[in-house]
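Chemist: Requesting a structural model of the entry that follows:
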Amino acid sequence: MAKNNKFSDASRIYTLISGEKFPSVTTVLAMKDKSGPLMGWAVKMMTECAIEKIIASTETLSKDYVVGIINDAKKEYRRRQDTALDIGSKVHHAIEGFTKASCSSEGLKIVQSLPEYPQIEKPFGAFLKWYNEHSFSLIEGERIVYNKEHRYAGQLDAIALVNSKVTLVDYKSSTSMREEYLWQVAAYSKAYEQNTNFKIDRHGCLRLDKVTGEPEWVEWTQSEIDEAFEKFLCLNKLWWLMNKDKGE
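Modeler: A predicted model of the protein is given here:
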């Protein structure tokens, strides 16, 4: 049933086979104010880009030329953001192919044959390092889940046996762990358990560093998941108050 539900990337809305329309978990989480850190990062990206262009320039730095550099630099944060999202999507695709293969050696061949492998070698290598240190057996991956009571949906990365425990694993290729990752995992967990009546034993986020190639695993207790879910529901309620027409 879950596979027949549809997601519109343009509107960030899931349409269930019942016809109901629910916002994605990440759409709801976008209601959380992250402007402070993002603004600092955007300014840093702009500055770095402008400095690189000025240093590399062989032309006289006229006013018009400098204005052009600044205007280009203003767009740099968006370019890097899009690149990061693209790499993150490719890493997820590679992990899915690896974990669904008949064996790890076959999965590695599949991933290494991907044209984008040079781009994702370090974050995927971080996953392999973590994978080899744990007993991992995929139960299901990339599953669409939804919560009819609270009207939201999303696609979780993996439900797997990790060291013999049923574990919800969320993969990230960001530069650091963020509070909203916990909220996201909590939302997926509650929806998955509602859809399947299957109890999840452990919840965690696996961050795969694109620079160092090192994994970072963070695991949360059930009480932390429950508290995070309450916070997520506050954002979800706000989203629906501001987007009443989106569910029609």
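
Chemist: which one in the protein is furthest away from the centre?
Modeler: Using CA atoms, centre = their mean, the residue of the chain lying farthest from its centre is residue 60. It sits 43.3 Å away.

Chemist: Look at it and give its secondary structure.
Modeler: Three-state assignment for residue 60 (DSSP: H, G, I helix; E, B strand; the rest coil): coil.

Chemist: Repeat that for residue 200.
Modeler: Classified using three-state DSSP, residue 200 is coil.

Chemist: Contact partners for it?
Modeler: 159, 166-168, 189, 192-193 (CB atoms under 8 Å, 6 or more residues apart in numbering). In this view, the C-beta of every residue, glycine as well, is placed from N, C-alpha and C.

Chemist: Now which of those residues would you call buried?
Modeler: Burial by neighbour count, judged by 16 or more other CB atoms under 10 Å, picks out 159, 167-168, 189, 192 from these.

Chemist: From those, which land in helices?
Modeler: Counting by DSSP state H, the part of those found in helices is 189, 192.

Chemist: how about TSV for the buried ones among the contacts of residue 200, with distance to residue 51 and pLDDT added?
Modeler: TSV is the format used below for those (distance: CB to CB, whole Å; pLDDT from 0 to 100):
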residue	distance to residue 51	pLDDT
159	45	97
167	44	98
168	42	98
189	44	98
192	46	97
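
Chemist: And the spatially most central residue of the chain, how close does it get to residue 147?
Modeler: Centroid check for the chain by CA atoms, centre = their mean gives residue 172 as the closest residue, at 5.4 Å. According to CB to CB, to the nearest Å, residue 172 and residue 147 sit 22 Å apart.

Chemist: what do you get for residue 237?
Modeler: Taken as CB to CB, the span from residue 237 to residue 147 is 13 Å.

Chemist: And these two? Which one has more around it.
Modeler: Counting neighbours by other CB atoms under 10 Å for residue 237 and for residue 147 shows that residue 147 has the greater number, 22 against 14.

Chemist: shouldn't that one be in contact with residue 190?
Modeler: Yes. Here residue 147 reaches residue 190: they are 6.1 Å apart, a contact under CB atoms under 8 Å.

Chemist: ok, now which ones touch residue 139?
Modeler: Contacts of residue 139 by CB under 8 Å, 6+ apart are 158-161, 166.

Chemist: Please write out the alpha-carbon positions of the one helix or strand it maps to in PDB.
Modeler: Residue 139 belongs to strand 136-147 when elements are defined using DSSP states H and E. The C-alpha trace of strand 136-147 is given here as PDB (Å, rounded to 0.1, in the frame of the first residue of the first chain):
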ATOM      1  CA  PHE A 136      23.500  -5.100   9.900                       C
ATOM      2  CA  SER A 137      20.600  -6.800   8.100                       C
ATOM      3  CA  LEU A 138      18.200  -4.700   6.100                       C
ATOM      4  CA  ILE A 139      14.500  -5.300   6.800                       C
ATOM      5  CA  GLU A 140      13.200  -2.700   4.400                       C
ATOM      6  CA  GLY A 141      14.500   0.600   3.000                       C
ATOM      7  CA  GLU A 142      13.200   3.800   1.500                       C
ATOM      8  CA  ARG A 143       9.700   3.100   2.700                       C
ATOM      9  CA  ILE A 144       6.900   5.700   2.600                       C
ATOM     10  CA  VAL A 145       5.100   6.000   5.900                       C
ATOM     11  CA  TYR A 146       2.200   8.200   7.000                       C
ATOM     12  CA  ASN A 147       0.400   9.100  10.100                       C
END
